[in-house]
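[1] The following comprises the amino acid sequence and a computationally predicted model.
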2 protein chains.
Amino acid sequence: MSDTSLAEVLRERGLRLTAQRQLVLEAVYGLGHATPEQVHAKVAKTAAGVNITTVYRTLELLEELGLVTHAHLSHGATTYHPVVGEQHVHLVCRICHAIQEVPAAMLNPLASKIEKERGFQVDPAHVALFGLCARCGGNQ
Amino acid sequence: MSDTSLAEVLRERGLRLTAQRQLVLEAVYGLGHATPEQVHAKVAKTAAGVNITTVYRTLELLEELGLVTHAHLSHGATTYHPVVGEQHVHLVCRICHAIQEVPAAMLNPLASKIEKERGFQVDPAHVALFGLCARCGGNQ
DNA sequence: CTAAGTGCAAAGGTTTTGCAAGTAG
DNA sequence: CTACTTGCAAAACCTTTGCACTTAG
């Protein structure tokens, strides 16, 4: 996702390209996974004045534009991540809260079974699987 | 889960059986899925004076005791549910927020694949799959 | 220019904490 | 009795909203 395409997507909707929007998008891409707070911190390194309110509003906008998505990972933390390339499923450790990713394709057999049986279309990128990671699980 | 076994589990830890703890546990069992707020409302029907703070503290305690668990369903809402009988996976619609359940066993093939490849043990009851339900998906 | 975007401050909602009063065992 | 529990009030979060100022196009 380059600034050019951000500009285009914005222009299609009559919206404006601003420094803040570029910075927030770059932060999400740079961080991979991040809470609004973390995005704000990263953006602040470049442009100290950017308000957390703007970060929230921009993340919401970028999500509408299809450039980022969010997932609900541990204890209510909303985590944003880029929409790019291969989608993935998050594995969240209940103990150490470490996040791993596995290819979303692994979910396909389950997803099609659920769709057949329930008519429910699973959105793999938004899915979180909770459990115990190798390190924490080994000790329990 | 009877009051008797709640009393036993508490006694093993030197904790006390109180009316509030019985009511909160009963509320979770009666509701199936519930936010702390909903548990509080249900408890209030029997004992009006119970404080929301106590509900939060009690839910946390009951989870430590293994009597209830929680999952993170839509937009950060913490939802508690009983640990009893068949475990299930939650399907949460991103549009109407309706919740369906499917047997946790459906997750088994995926869970064992992930455990083999990553050493990560998936906890099915804590899992939420986001997507579009039959009604909302059909219209999109 | 002028409509869209931002920053600031304040409000809203949820969850946690400190402490004195209450009570189960 | 006495340590565990509760209720209350306040604080701590996280997120949203209203409004005047700023700015991209």
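    It's in.

[2] give me the low-pLDDT residue ranges for chain A?
    For chain A, applying pLDDT under 70 flags the ranges A:1-4, A:74-76, A:85, A:138-140.

[3] what does the domain assignment say about chain A?
    A:3-82, A:88-137 (automatic domain parsing).

[4] Compile the ones you listed into a markdown table and extend it with columns for distance to B:Val9 and mean neighbour count.
    All C-beta spots, glycine's among them, are computed from the backbone N, C-alpha and C. Formatted as a markdown table, those follow (distance: least, CB to CB, whole Å; neighbours: other CB atoms under 10 Å in any protein chain shown):
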| stretch | distance to B:Val9 | mean neighbour count |
| --- | --- | --- |
| domain A:3-82 | 24 | 17 |
| domain A:88-137 | 21 | 18 |
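
[5] So which bits of chain A are right by DNA strand D?
    Residues of chain A lying close to DNA strand D (CB under 7 Å from any atom of the strand) are A:7, A:10, A:16-19, A:35-37, A:52-53, A:56-57, A:60, A:76-78.

[6] Could you rerun that using 6 Å?
    Within chain A, the positions near DNA strand D by CB under 6 Å from any atom of the strand are A:Arg16, A:Leu17, A:Thr18, A:Pro36, A:Ile52, A:Thr53, A:Tyr56, A:Thr78.

[7] ok now do the nearest residue to the first one once chain neighbours are set aside, which residues does it touch?
    Same thing as A:Arg16. Nearest-residue entry for A:Arg16: A:Leu10, 6.5 Å, with adjacent residues in sequence omitted and distances by CB to CB, 6 or more residues apart in numbering or on different chains. A:Leu10 sits next to A:Arg16, A:Leu17, A:Arg21, A:Leu65 when contact means CB atoms under 8 Å, 6 or more residues apart in numbering or on different chains.

[8] and the last one, what are its phi and psi?
    Just to be clear, that refers to A:Leu65. Torsion angles at A:Leu65 (phi, psi; degrees, to the nearest 10) stand at phi -80, psi -10.

[9] Distance check, it against A:Tyr80.
    13 Å (CB to CB, to the nearest Å).

[10] How about the third one?
    Per CB to CB, A:Arg21 is found 14 Å from A:Tyr80.

[11] repeat for the first one
    Here the criterion is CB to CB. By it, A:Arg16 lies 21 Å from A:Tyr80.

[12] if we can go back for a sec, adding distance to B:Gln100, write the domains of chain A out as CSV.
    Below are the domains of chain A laid out as CSV (distance: least, CB to CB, whole Å):
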stretch, distance to B:Gln100
domain A:3-82, 17
domain A:88-137, 6
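
[13] residues contacting the residue nearest to the spatial centre of chain A?
    Chain A has A:His81 as the residue nearest its centroid, 2.1 Å off, counting by CA atoms, centre = their mean. Residues in contact with A:His81 (CB under 8 Å, 6+ apart) are A:Val28, A:Gly32, A:His33, A:Ala34, A:Val68, A:Thr69, A:His70, A:Ala71, A:Ala125.

[14] Am I right that the first one sits in a helix?
    So the one you mean is A:Val28. Yes - looking at A:Val28 with DSSP: H, G, I helix; E, B strand; the rest coil, it is inside a helix.

[15] A:His70 is in contact with that one, correct?
    No - taking contacts as CB atoms under 8 Å, A:Val28 lies outside contact range of A:His70: 9.8 Å.

[16] Now do the shared contacts for these two.
    A:Leu59, A:Tyr80, A:His81.

[17] my read: the second one touches A:Gly30, true?
    The reference is to A:Tyr80. No - using CB under 8 Å, A:Tyr80 makes no contact with A:Gly30, being 11.9 Å away.

[18] Around DNA strand C, pick out the residues from chain A.
    Proximity of chain A to DNA strand C (CB under 6 Å from any atom of the strand) is limited to residues A:14-16, A:18, A:20-21, A:49-51, A:53-54, A:57-58.

[19] Torsion angles phi and psi at A:Ala98?
    phi -70, psi 150.

[20] Now it. Nearest residue, chain neighbours left out?
    Per CB to CB, 6+ apart, closest to A:Ala98 is A:Cys133, 5.5 Å.
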